[in-house]
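1. Below: sequence and its predicted model.
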Amino acid sequence: MTKTILITGATDGIGLALARQYYAAGAQLFLVGRRDLAELTSEPFFTPTTYCQVDLADPDCASAVSAFLQAQAAPPIDELILNAGLGYTGPLPDQPPAALAELLAVNVRAPLALTHALAGGQLAPAAHIVFISSVVVSWPAPNYAAYAASKAALDGFVRSLQLEWQDRPVTIQLIHPGATRTGMHAKSGLDLSQMKPDRFMPAEEAARRIRRLIEQGRPEASLGFLNTLIYRSGRWLQPLLEARPNPRATHPPGRCLITGFGAGIGQALAQQYSQAGYAIVGVDNDGAAAAATADAIRAAGGRCQVIVADLSQTAGCQAVLDDLVGGELLAVVIQNAGISAFGHFEKMAWSGQEKVLALNLLAPLWLTAGLLAAELIRPDANLLFLSSLSHHTGYPGASVYAATKDGVAHFARSLGAAGWRTLTIFPGPTRTEHARRYSPDNSQEGRRMLPATLAAHIWRAQRRRARRLIPGVSNKVLALIGRLAPRLMGAMMRRLLYEKIDV
């Protein structure tokens, strides 16, 4: 039986090698790329009826691919290989904001949006969905922090979606190639004279190995023994690498920037850091809530500046940077703002899930890069990032949220490896309006950690120069189970959360 296969990023590198091999095997191909069809005449499988030219950085790319398949009366897709990707090599402050946004759009938003769009009826009932990630997700990547964060986000999404769809005949697979001899390295700015890419695995060999892994159908795999060793050792050594403390700060408290400070965790953090002597700069899109929090801080004798901005828009991030120019350098930056979307991934509107990506992932990366580039942060500043316990447990029912929190966690690791004082926080259930709104079961709300308690944990962790924090004994236990027995934890999370969506 002839398979129908769709490959993104099919005009170069691994994607092109896969297209050649599947074409030779007699598959019916549909190929996606950004190059003009007139440039692709050397390959017989690029035709007006098989090739969809689309820029995957475009917010409407998934709709364009779906419409193309409909126009060609394409049969249901048996294999969806989400391979397209962009890279960037160099210090984070040197990465132009537009390039960072494009990288996240192609590497994260596009594969998630395509999965969502095609799941509406254009995938075969027993479809095989393959996400091409990278072994870099298991190690800090100071010279390509945004790229590695994007691949970590992809991993977080896949692991949670696998839990959501485990009762279906669909196979969802995560594959981690290592360094491969493709054109992406030169495009990313990598100094080829230093890396000697001729030592990398040829794209044709990588494609052959990927095809074998697809046939085997394992949920997660790396290419070859060495890449498997690199990937697994990085994951298991992570707690040891992050156990060493941050360097000591050399200056007294100064200004503390907190995003999402109008309510919940952000509000508690503002009160905690104000009491510790910091001048708060609070960012929130809710002007009334932000003003109320600021008034409470001032009434207690603290100092507080409010910036009203929608961080789900890059214009809002830029407005924050513009407001900070000329002021005292920041001593602490706490990236706390975030939202969720809970339900069946394929049934929830994509627009809401896209906003989760923008606020939870693009905004902290974009804002951090901008602060560093504009030199608005003290050299000894503490950079705090709110991830989630989902990083350790998975989050079926909120796969896009899980993606963002995995991406942020990896981004913080890379900044730490670049010499910055970073603290990544993995909160569990917290007693906030946000948690109440997105939880399928609030019957145990009284057992959730209070925001003030969480803020105190975070302050103490910063004081002891910790690099990571899982607050509370019960959260630590859950994280440990997720690490040692991920299948057991996945089953627990599915039963406790996902199976209650329609109850």
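-> Sure, I can see it.
2. which helices and strands sit right next to the helix or strand containing I7?
-> Here I7 sits within strand 4-8, counting by DSSP states H and E. Packing contacts for strand 4-8, counted by 3 or more Cβ pairs under 8 Å, 6 or more residues apart in numbering; DSSP states H and E, involve helix 13-24, strand 28-33, strand 77-82, helix 110-118. From N, CA and C alone the C-beta is placed, and that goes for glycine too.
3. Redo these as a markdown table? Include distance to L154.
-> Below are the helices and strands packed on strand 4-8 laid out as a markdown table (distance: least, Cβ to Cβ, whole Å):
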| stretch | distance to L154 |
| --- | --- |
| helix 13-24 | 15 |
| strand 28-33 | 17 |
| strand 77-82 | 8 |
| helix 110-118 | 7 |
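4. Now tabulate those in JSON lines and tack on distance to C304 and mean neighbour count.
-> JSON lines is the format used below for these (distance: least, Cβ to Cβ, whole Å; neighbours: other Cβ atoms under 10 Å):
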{"stretch": "helix 13-24", "distance to C304": "50", "mean neighbour count": "22"}
{"stretch": "strand 28-33", "distance to C304": "48", "mean neighbour count": "23"}
{"stretch": "strand 77-82", "distance to C304": "44", "mean neighbour count": "24"}
{"stretch": "helix 110-118", "distance to C304": "37", "mean neighbour count": "23"}
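5. Among the ones you listed, which comes closest to V136?
-> In terms of Cβ to Cβ, the element of the helices and strands packed on strand 4-8 nearest to V136 is helix 13-24, at 15.1 Å.
6. how much does that closest one deviate in direction from strand 28-33?
-> 160 degrees (axes from the mean of the first three to the mean of the last three Cα atoms, to 10 degrees).
7. Output the below-cut-off pLDDT ranges for the stretch 201-350 of the chain.
-> For the stretch 201-350 of the chain, no stretch has pLDDT under 70.
8. Would you map the strands across it?
-> Per DSSP state E, counting those that start in this stretch, the stretch 201-350 of the chain carries strands over the ranges 201-202, 220-222, 255-259, 279-284, 304-308, 330-335.
9. any idea of the mean pLDDT in the strand holding I7?
-> Average pLDDT, strand 4-8: 98.
10. what residues does it touch?
-> 15, 18-19, 22, 27-33, 56, 65, 69, 74-84, 110-111, 114, 118, 124 (Cβ atoms under 8 Å, 6 or more residues apart in numbering).
11. Can I get that strand in CSV, CA atoms only?
-> The C-alpha trace of strand 4-8 is given here as CSV (Å, rounded to 0.1, in the frame of the first residue of the first chain):
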residue,chain,number,x,y,z
THR,A,4,1.2,9.4,1.7
ILE,A,5,3.9,11.4,3.4
LEU,A,6,4.2,15.1,4.2
ILE,A,7,7.6,16.6,4.9
THR,A,8,8.3,20.1,6.1
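12. Domain boundaries for the protein, per the record?
-> Domain assignment of the chain by automatic domain parsing yields the ranges 4-241, 255-500.
13. quick one, strands of the stretch 401-503 of the chain?
-> Using DSSP E, counting those that start in this stretch, the strands of the stretch 401-503 of the chain run over residues 421-425, 468-469.
14. Out of those strands, the one nearest V308 is which?
-> Among the strands of the stretch 401-503 of the chain, strand 421-425 comes nearest to V308, with 24.7 Å by Cβ to Cβ.
15. That closest one - which strands sit beside it in the sheet, and in what orientation?
-> Next to strand 421-425 in the sheet, as set by DSSP bridges, lie strand 377-386 (parallel), strand 468-469 (parallel).
16. Now render those strands as CSV, adding distance to P48, mean neighbour count and mean pLDDT.
-> Converted to CSV, the strands paired with strand 421-425 look like this (distance: least, Cβ to Cβ, whole Å; neighbours: other Cβ atoms under 10 Å; pLDDT from 0 to 100):
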stretch, distance to P48, mean neighbour count, mean pLDDT
strand 377-386, 46, 22, 97
strand 468-469, 52, 22, 98
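17. In CSV, list those along with distance to L229.
-> Below are the strands paired with strand 421-425 laid out as CSV (distance: least, Cβ to Cβ, whole Å):
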stretch, distance to L229
strand 377-386, 28
strand 468-469, 24
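18. ok, R235 touching A152?
-> No. With contact defined as Cβ atoms under 8 Å, R235 does not reach A152; the gap is 11.1 Å.
19. Tell me how far the nearest residue to L386 once chain neighbours are set aside lies from Y273.
-> Ranked by Cβ to Cβ, 6 or more residues apart in numbering and with sequence neighbours excluded, the top spatial neighbour of L386 is N336, at 4.7 Å. The gap separating N336 from Y273 is 11 Å, by Cβ to Cβ, to the nearest Å.
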